[in-house]
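Student: Pasting the sequence and the predicted coordinates here, then a few questions.
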Amino acid sequence: MKQISFIVILFIILSLKSPFYLSATIVILWIISFKQSYKLSIKVIKSIFLFNLGVSIAYLIIALFKNISLDYLIYINLKVFTMTYFVFWFFSKNNIIQFFNFSKELSYLLTITLSQIYSYRKTYEDFRLAYKARVIKKLLKRENKFITKTFEFFLKKALKDSKERSLAMKARGFF
């Protein structure tokens, strides 16, 4: 039942074509999640900021050259915020693993994905704390090198892990 209500509400949000209705939906979601609304809003902004900024800047540049209305830019940013807020709020109230338990394959994929996320998050935290413990004075050059090396490590780790996961999935009949 939760799956159906989630999909229906998500499709309703997707079908909204007016910034006014999207704004009203955001207000309703804020009212429903009153105690969490500030925390969730910050989480949503952090998660969509870079993507929305890139898309918005690209659209803004095109709009300036072609004299296109900026209403669509407001609309699309509101839609992304509303959908992301709804998904974050929904899964803060519902267990994501139980949500996907209707499908053995999806449950398995979700378990693999979550284990990767938690493993990577832990490794990143370890890197960050090790860097903090070893660096007395922050230098931009050192910090940029740390970020580059950390990114390089995660890229190599992701490539290695993807091969292992692919083999494990093949062994379980996914391909």
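Tutor: Now that the structure is in, tell me what you want to look at. Numbers count the residues shown, from 1 in each chain.
Student: The nearest residue to D71 once chain neighbours are set aside: neighbouring residues, count only.
Tutor: Distance criterion CB to CB, 6 or more residues apart in numbering; nearest residue to D71, sequence neighbours excluded, is P19 at 7.2 Å. From N, CA and C alone the C-beta is placed, and that goes for glycine too. Number of residues near P19 (other CB atoms under 10 Å) recorded here: 16.
Student: Equivalent analysis for I13, please.
Tutor: 19.
Student: same thing with the one 4 residues further on?
Tutor: Counted with other CB under 10 Å, the neighbours of K17 add up to 10.
Student: so what's it scoring on pLDDT?
Tutor: The score at K17 is 91. That number is its pLDDT.
Student: likewise F11?
Tutor: Per the predicted model, pLDDT is 91 at F11.
Student: what do you get for K137?
Tutor: 69.
Student: Near S37, how many other residues are there?
Tutor: Counted with other CB under 10 Å, the neighbours of S37 add up to 17.
Student: where's the residue positioned nearest the centre of the chain, which helix or strand?
Tutor: By CA atoms, centre = their mean, the chain has its centre lying nearest to S47, at 5.0 Å. Secondary structure from DSSP states H and E places S47 in helix 37-66.
Student: could you point out which element follows that helix?
Tutor: Next element after helix 37-66 (DSSP H and E): helix 71-93.
Student: Now that next one - C-alpha only, CSV.
Tutor: The C-alpha coordinates for helix 71-93 follow below in CSV (Å, rounded to 0.1, in the frame of the first residue of the first chain):
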residue,chain,number,x,y,z
ASP,A,71,9.5,31.2,-15.6
TYR,A,72,10.5,27.7,-16.7
LEU,A,73,13.7,28.1,-14.6
ILE,A,74,11.7,28.8,-11.5
TYR,A,75,9.2,26.0,-12.3
ILE,A,76,11.9,23.3,-12.8
ASN,A,77,13.8,24.3,-9.7
LEU,A,78,10.5,24.2,-7.7
LYS,A,79,9.7,20.8,-9.1
VAL,A,80,13.0,19.3,-8.3
PHE,A,81,12.9,20.7,-4.8
THR,A,82,9.3,19.5,-4.2
MET,A,83,10.0,16.0,-5.5
THR,A,84,13.3,15.6,-3.6
TYR,A,85,11.7,17.0,-0.4
PHE,A,86,8.8,14.5,-0.7
VAL,A,87,11.1,11.6,-1.3
PHE,A,88,13.3,12.5,1.7
TRP,A,89,10.3,13.0,3.9
PHE,A,90,8.6,9.8,2.8
PHE,A,91,11.7,7.7,3.4
SER,A,92,12.4,9.4,6.8
LYS,A,93,9.0,7.9,7.8
